[in-house]
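Asker: sequence? don't have it. structure:
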């Protein structure tokens, strides 16, 4: 086995996920290289050795990857043609280019679940807005329903919840999948891990609450209080997905638990995920530490919970666009068990992810109470 400290690992993308991945890599002395457009991104503020380039550009990705032993991603919107070429050259690409291509397209994702007997909500595809309006008119599509753009959706973008005719202005004119609105009891996430030898594990289930306007995770708690049989079912599904895909790396699987106790897969992300941020302080191995281990060929870490935790996203305040100012940061930092992660983005806008806070406490109720204080106190304004 080669000395892992000498492995050159390349990361496509330098956002906040890359920043937190870099911070974990330094603990083991693993060297990361990043491909990013310029020095304004969060990772480049702490890792000055980055290559200027576009991770969507074939030549930029190919030239960057040629200098690396292992290539990974912190965003799915990368040039997979170049990654396939690098794989043919003998480079290790984790997650693999074929898996990234599958996950990039929500329609392909849904077809994969059906073919592999993975429980998911019924769906059909639409090429454009006209198809959707025709489906409503002929009764194929019934209110309420959810439209999801097949590609390029993130952080609540590319999702439209259509409850009635009055919401039709929200319908997007883009290739989409259409799903009936699920009768959701809880929304959960499971992060599955698979190393280079095929060994797997999962992180404990977390429960998520979404911002009603931005449609992104606003509040997350760990551990879940769901019945153990439902948690076991969700973990089993997560492992079935990562093994069926053959993915090497980590895979965040967002799921719905219906009010009838059914577990349905919503969508997945083949990289560190917002629903795993609390693992940095709350678990023995974080999602970032786990990915570093996998990339470097090291053993999987212990994913057990150290302490109950709650994570909240720190979002740009509504009505504020411009230079970011963090209001009441002192009061937040003075709260016991609060860990604030600011991503270093200089400009804020409504609902932009500017950071997150993890709150630890001996009891989950206490962590929730303190998280609500932080949520109402710390504001990102201009």
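Answerer: Yep, it's here. Keep in mind that this is a model prediction, so the values were computed, not measured. Numbers count the residues shown, from 1 in each chain.
Asker: Any idea how many residues pack against the residue lying closest to residue 304 once chain neighbours are set aside?
Answerer: Excluding the flanking residues, the one nearest residue 304 by Cβ to Cβ, 6 or more residues apart in numbering is residue 284, at 5.4 Å. No exception for glycine: its C-beta is placed from N, CA and C like everyone else's. When neighbours are defined as other Cβ atoms under 10 Å, residue 284 has 12 of them.
Asker: who's in contact with residue 284?
Answerer: 301, 302, 303, 304, 306 (Cβ atoms under 8 Å, 6 or more residues apart in numbering).
Asker: per the record, what domains does this protein have?
Answerer: As given by automatic domain parsing, the domain ranges for the chain are 4-93, 122-180, 184-381.
Asker: Reformat the ones you listed into TSV and put mean pLDDT and distance to residue 109 next to each item.
Answerer: Shown next, in TSV, are the domains of the chain (pLDDT from 0 to 100; distance: least, Cβ to Cβ, whole Å):
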stretch	mean pLDDT	distance to residue 109
domain 4-93	95	11
domain 122-180	91	9
domain 184-381	96	6
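Asker: Mind putting those into JSON lines with distance to residue 106?
Answerer: As requested, those are exported to JSON lines (distance: least, Cβ to Cβ, whole Å):
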{"stretch": "domain 4-93", "distance to residue 106": "11"}
{"stretch": "domain 122-180", "distance to residue 106": "5"}
{"stretch": "domain 184-381", "distance to residue 106": "6"}
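Asker: Quick one: end-to-end distance for stretch 21-37.
Answerer: Start and end residues of stretch 21-37 are separated by 18 Å (Cα to Cα, to the nearest Å).
Asker: Flag every buried residue along that stretch.
Answerer: By neighbour count on 16 or more other Cβ atoms under 10 Å, the buried set for stretch 21-37 is 21-25, 30-37.
Asker: Out of the residues you listed, which comes closest to residue 312?
Answerer: Residue 312 lies nearest to residue 23 out of those, by Cβ to Cβ, at 19.7 Å.
Asker: Identify the residues contacting the residue of the chain most remote from its centre.
Answerer: Relative to the centre of the chain, the most outlying C-alpha is that of residue 138, 36.4 Å out, by Cα atoms, centre = their mean. By Cβ under 8 Å, 6+ apart, the contact set of residue 138 is empty.
Asker: just residue 296 next, same as before
Answerer: 4, 7, 9, 28, 30, 70.
Asker: For it, give its distance to residue 151.
Answerer: 31 Å (Cβ to Cβ, to the nearest Å).
Asker: all strands for the stretch 51-200 of the chain, in order.
Answerer: 70-73, 92-93, 123-126, 145-149, 159-162, 176-180, 184-194, 200-202 (DSSP state E, counting those that start in this stretch).
Asker: among those, which is nearest residue 79?
Answerer: strand 70-73 (10.5 Å).
Asker: before we move on, the earlier item: can you flag which of the buried residues of stretch 21-37 belong to strands?
Answerer: 32, 33, 34, 35, 36 (DSSP state E).
Asker: So what pairs up with the last one in the strands?
Answerer: Yep, that's residue 36 we're talking about. Note on residue 36: beta-bridge partners by DSSP bridges are residue 52.
Asker: That one and residue 259: what is the separation?
Answerer: 43 Å.
Asker: Make a markdown table out of the buried residues of stretch 21-37 and add distance to residue 280.
Answerer: Formatted as a markdown table, the buried residues of stretch 21-37 follow (distance: Cβ to Cβ, whole Å):
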| residue | distance to residue 280 |
| --- | --- |
| 21 | 11 |
| 22 | 13 |
| 23 | 8 |
| 24 | 8 |
| 25 | 13 |
| 30 | 16 |
| 31 | 20 |
| 32 | 17 |
| 33 | 22 |
| 34 | 19 |
| 35 | 24 |
| 36 | 22 |
| 37 | 26 |
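Asker: Tell me, how many residues neighbour the closest residue to residue 332 other than its chain neighbours?
Answerer: Distances taken as Cβ to Cβ, 6+ apart place residue 378 nearest to residue 332, at 4.5 Å, with adjacent residues excluded. If you count neighbours by other Cβ under 10 Å, residue 378 ends up with 24.
Asker: so residue 378 touches residue 328, yeah?
Answerer: Yes - contact between residue 378 and residue 328 holds when scored by Cβ atoms under 8 Å: they sit 5.5 Å apart.
Asker: Determine how far stretch 227-244 lies from the middle of the whole chain.
Answerer: 18 Å (Cα atoms, centre = their mean, to the nearest Å).
Asker: same question but for stretch 96-106, I mixed them up
Answerer: So, by Cα atoms, centre = their mean, the centroid of stretch 96-106 is 14 Å from its chain's centroid.
Asker: Please enumerate residues in contact with that stretch?
Answerer: 73, 76-78, 80, 83-84, 87, 108-109, 112, 148-151, 153, 177, 245-248, 267-270.
Asker: Buried residues, that stretch. List them.
Answerer: Going by neighbour count (16+ other Cβ under 10 Å), the buried part of stretch 96-106 is 96, 97, 98, 99, 100, 102, 103, 104, 105, 106.
Asker: same deal with stretch 81-88?
Answerer: By 16+ other Cβ under 10 Å, the buried positions in stretch 81-88 come out as 82, 83, 84, 85, 86, 87.
Asker: which residue packs closest to the third one, ignoring adjacent ones?
Answerer: By that I understand residue 84. residue 97 (4.6 Å).
Asker: hmm, back to that, which of the contacts of stretch 96-106 are buried?
Answerer: The neighbour-count test (16+ other Cβ under 10 Å) applied to these identifies 73, 76, 78, 80, 83-84, 87, 109, 112, 148-151, 153, 177, 245, 247-248, 267-270 as buried.
Asker: Of these, which belong to helices?
Answerer: Per DSSP state H, helices hold the following members of the buried ones among the contacts of stretch 96-106: 80, 83, 84, 87, 109, 112, 245.
Asker: all helices of the protein, in order?
Answerer: 16-28, 58-66, 80-88, 97-104, 106-115, 129-137, 228-245, 279-282, 287-296, 329-333, 364-377.
Asker: Quick check: residue 275 vs residue 116, distance?
Answerer: 22 Å.
Asker: Perfect, I'm done here.
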